[in-house]
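In: Here is a sequence together with a model predicted from it:
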2 protein chains.
Amino acid sequence: MAQKKTHCDCLNTIKPVRDALDVISGKWKLPIIISVGVGNDRFTDIQESIPLITPKVLAKELKELEQHKLIKRIILGEYPVKISYKLEPYANTLTPIIYALKDWGINHRKKVMDR
Amino acid sequence: MAQKKTHCDCLNTIKPVRDALDVISGKWKLPIIISVGVGNDRFTDIQESIPLITPKVLAKELKELEQHKLIKRIILGEYPVKISYKLEPYANTLTPIIYALKDWGINHRKKVMDR
DNA sequence: TATAGCACTTTCCCAAAGGAAAGTAGAATT
DNA sequence: AATTCTACTTTCCTTTGGGAAAGTGCTATA
């Protein structure tokens, strides 16, 4: 028996990794979370803190991050309405991922330069 | 001075994270690395171990992973030529990222189900 | 009164990602 | 001789991501 056991099963890892990637993959989501996390809470400030991001893309990504309960949009004041973006506490659970990517990115750049 | 210090600087984190994302972001690269990592070394086995991946996409991603020195393609034998894919040692540096994503994905699925 | 700032939205366009289905070339198997 | 296996490739087509540029409605400032 078990003659047709051709490939190793790795779905236990692949499935949750894909679940995570569905939420945070893409060019902009983690940079936005990082920027809001260090204190940028106004649309224009976030935009200026992330190189080359356009307002269209930033608006779209902020909406998606709101839907995923990672960022909250707060309306401040009455007449001169101000908007403030803050991380939801849930976004802090992404910290290990962000640090793992940051460390790897720093090391990778070194490796590519040395070549 | 420093009156125009409007937004907080987070480029120290954003830049390396973007460097990492440039290499490993996308739907398929990490799943392929996971699959090859557990021992799937034949094209067809890798394909069958990753739900819904098509041969076209798998071939393209394998080429990119080779270029990034994360996977090596080995030609075995002479007349009935066989091909084997293996992780380069460098791919093991991705382990912390994979585990961070896996843990987060497991937790995230729980959170979404409970809602 | 005119200009600037804020938080976006809208339109147009292009390139990359990726799915479906079929094909291919050689070798092995029945 | 016909089918199967392996490792892909090719074609076609749709979706998604995202850049450029301009516009919008409101408020604040000079």
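Out: In hand now; what should we look at?

In: Provide a complete list of residue ranges assigned to helices in chain A.
Out: A:11-24, A:29-37, A:43-49, A:55-67, A:95-114 (DSSP state H).

In: Single out the most deeply packed of those helices.
Out: helix A:29-37 (a mean of 24; mean count of other CB atoms under 10 Å in any protein chain shown). Using the backbone N, CA and C atoms, a C-beta is placed for each residue, glycine as well.

In: Would you mind listing what in chain A touches DNA strand D?
Out: Applying CB under 7 Å from any atom of the strand, we find that chain A lies next to DNA strand D at A:26, A:27, A:28, A:52, A:53, A:54, A:55, A:56, A:57, A:79, A:80, A:81.

In: how much space between the first one and DNA strand C?
Out: When CB to the nearest atom of the strand, to the nearest Å is applied, the distance between residue A:26 and DNA strand C equals 10 Å.

In: What score does that residue have for pLDDT?
Out: The model reports residue A:26 with a pLDDT of 91.

In: what about it, distance to residue A:68?
Out: 12 Å (CB to CB, to the nearest Å).

In: For chain A, give me the ranges with low pLDDT.
Out: Within chain A, the stretches with pLDDT under 70 are A:1-6.

In: Pick out the residue nearest the middle of it.
Out: residue A:30 (2.3 Å; CA atoms, centre = their mean).

In: And that one, how close does it get to chain B?
Out: Distance of residue A:30 to chain B, computed by CB to the nearest CB, to the nearest Å: 6 Å.

In: got it, and residue A:79?
Out: According to CB to the nearest CB, residue A:79 and chain B sit 23 Å apart.

In: cool, and residue A:91?
Out: According to CB to the nearest CB, residue A:91 and chain B sit 11 Å apart.

In: Same question for residue A:85.
Out: Separation of residue A:85 from chain B (CB to the nearest CB): 12 Å.

In: residue contacts, that residue?
Out: Taking CB atoms under 8 Å, 6 or more residues apart in numbering or on different chains as the criterion, residue A:85 is in contact with A:36, A:40, A:41, A:42, A:43, A:46, A:62, A:71, A:72, A:73, A:74.

In: How about residue A:47?
Out: Taking CB under 8 Å, 6+ apart, one finds A:53, A:55, A:58 in contact with residue A:47.

In: can you rerun that using 10 Å?
Out: A:32, A:35, A:40, A:53, A:54, A:55, A:57, A:58, A:59, B:7 (CB atoms under 10 Å, 6 or more residues apart in numbering or on different chains).

In: So which of the residues you listed reach DNA strand C?
Out: Among the contacts of residue A:47, the ones lying near DNA strand C by CB under 7 Å from any atom of the strand are A:55, A:59.

In: ok, and the closest non-adjacent residue to the residue nearest to the centre of chain A?
Out: Closest residue to residue A:30 apart from its sequence neighbours, by CB to CB, 6 or more residues apart in numbering or on different chains: residue B:17 at 5.5 Å.

In: ok, now residue A:86?
Out: Residue A:86 sits nearest to residue A:72 (CB to CB, 6+ apart), 5.5 Å away.

In: For burial, what's the neighbour tally of that neighbour?
Out: 15 (other CB atoms under 10 Å in any protein chain shown).

In: and the gap between it and residue A:62?
Out: 10 Å.

In: what sits in contact with each of those two?
Out: Residues touching both residue A:72 and residue A:62 (CB under 10 Å, 6+ apart): A:36, A:85.

In: Check the gap between residue A:112 and DNA strand D for me.
Out: 21 Å.
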